[in-house]
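Engineer: Fold the following, please.
(one chain, ligands or ions: 1)
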Amino acid sequence: MSEEAGQDEYEHHGGFPKYVPADVGPEFGRLVEALRTLQDLAVSTAPSPEVTLDLAERVEAINDVLKTFQVPEGQPPAGRVMTLPGRGSLLMLPWTVEKFDAEGVRSRGVFRRFHLGGNGAAHGGTLPLLFDDMFGMIQHAYGRPISRTAYLHINYRKITPLDTELVIEGSVDRVEGRKTFISAVLKDTEGNVLADCDALMVQLLKGQP
Ligand SMILES: CCCCCCCCCCCCCC(=O)SCCNC(=O)CCNC(=O)[C@H](O)C(C)(C)COP(=O)(O)OP(=O)(O)OC[C@H]1O[C@@H](n2cnc3c(N)ncnc32)[C@H](O)[C@@H]1OP(=O)(O)O
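Structural biologist: Below you'll find the predicted structure:
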């Protein structure tokens with residue numbers, strides 16, 4: 001495929017908006033980190049009813065301010081700041097990308113209290129989120145158009161601990177027409193495999209949701 005044709009194909013992200021990196025100041029990362037700490041505290045505290053009511057009113061006041069700045073998908077910085085944990089998105093795991101190229105993507109971080117499943121381990125549903133977003137980035141770094149996950153097969157090999165530095169790394173295994181096969185591994189810093197995952201992502205047709 002010529003470079004021009006490849007670029008044309010890359011520009012066709014189905015019905016997706018085109019995502020470009022966001023340029024933000026340090027105050028954005030500070031806000032996101034403060035909100036993550038709020039999430040951790042919201043699931044790990046038991047304040048009195050009076051304090052709960054006071055907090056609800058204060059958070060509602062913050063929401064009233066934020067509501068006036070709502071913009072369409074693709075325009076908020078959340079998810080588009082590659083230098084911030086979770087690319088600055090509260091949905092994503094707060095992990096930091098340390099390698100991002102066609103050879104593959106590597107990211108490092110911790111599961112926090114907010115991600116607790118049971119008995120000190122990360123909730124099983126948070127791992128597919130980590131892998132799925134990783135696969136989106138791998139696909140992006142490889143130069144493939146944004147695609148939808150058709151399947152995602154995860155093997156939970158060991159308990160995934162909270163508040164412990166972990167590393168996830170993956171790459172494209174092969175491309176067959178619209179289909180990209182990707183795999184990734186989650187390890188602790190001693191190299192123990194906690195989970196591995198492979199997925200099929202299918203390139204969207206023009207205008208496909
Ligand atoms: C600033 C920069 C930021 C960068 C970061 C950006 C990251 C953004 C990240 C965003 C990332 C978000 C990612 C998300 O989270 S996407 C959200 C989760 N995924 C979905 O919602 C997908 C829902 N499903 C669909 O939309 C359709 O089913 C798709 C689009 C997947 C395929 O339906 P479509 O009608 O289009 O195609 P087709 O059915 O003709 O299939 C085509 C081919 O694929 C093969 N096939 C299909 N399914 C399966 C299967 N299960 N196992 C094995 N094979 C399967 C099929 O046999 C055929 O093969 P072949 O016969 O051609 O050989």
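Engineer: near the ligand, which residues of the chain?
Structural biologist: By CB under 6 Å from any ligand atom, the residues of the chain that approach the ligand are 19-21, 80, 132, 136-137, 140, 146, 148-151, 177-179, 200, 202. Where C-beta positions appear, they are placed from N, C-alpha and C, glycine not excepted.
Engineer: Report the buried members of those residues.
Structural biologist: 19, 80, 132, 136-137, 140, 146, 149, 200, 202 (16 or more other CB atoms under 10 Å).
Engineer: Looking at the residues you listed, which one is closest to the ligand?
Structural biologist: The closest of these to the ligand turns out to be residue 136 (CB to the nearest ligand atom; 2.6 Å).
Engineer: That closest one looks like it's in a helix, true?
Structural biologist: Yes: secondary structure of residue 136 (DSSP: H, G, I helix; E, B strand; the rest coil): part of a helix.
Engineer: Quick check, pLDDT for it.
Structural biologist: Note on residue 136: pLDDT of 94.
Engineer: same deal with residue 6?
Structural biologist: With respect to pLDDT, residue 6 scores 47.
Engineer: can you give me the strands for this structure?
Structural biologist: 96-101, 104-109, 116-118, 121-122, 147-156, 166-176, 179-188, 193-203 (DSSP state E).
Engineer: Can you name the residues that contact the residue lying closest to residue 184 once chain neighbours are set aside?
Structural biologist: With sequence-adjacent residues excluded and distances taken as CB to CB, 6 or more residues apart in numbering, residue 184 is closest to residue 170, at 2.5 Å. Residue 170 makes contacts with 104-105, 131, 134-135, 138, 182-185, 197, as judged by CB atoms under 8 Å, 6 or more residues apart in numbering.
Engineer: Which one of these is nearest to the ligand?
Structural biologist: Nearest to the ligand among the contacts of residue 170, with distances taken as CB to the nearest ligand atom, is residue 135, at 7.1 Å.
Engineer: isn't the closest one right up against residue 151?
Structural biologist: No: in this structure residue 135 lies outside contact range of residue 151 using CB atoms under 8 Å: 11.0 Å.
Engineer: and for these two, which residues touch both?
Structural biologist: In contact with both residue 135 and residue 151: residue 199, using CB under 8 Å, 6+ apart.
Engineer: Could you measure from the residue nearest to residue 184 over to residue 176?
Structural biologist: From residue 170 across to residue 176, the span is 18 Å (CB to CB, to the nearest Å).
Engineer: And for residue 204?
Structural biologist: 16 Å.
Engineer: Low-confidence ranges, this protein, go.
Structural biologist: Within the chain, the set of residues satisfying pLDDT under 70 comprises 1-15.
Engineer: Stretch 192-201: which residues count as buried?
Structural biologist: 194-201.
Engineer: which other residues reach it?
Structural biologist: Contacts of stretch 192-201 (CB under 8 Å, 6+ apart): 127-128, 131-132, 135-136, 139, 144, 147-160, 166, 170, 173, 179-188.
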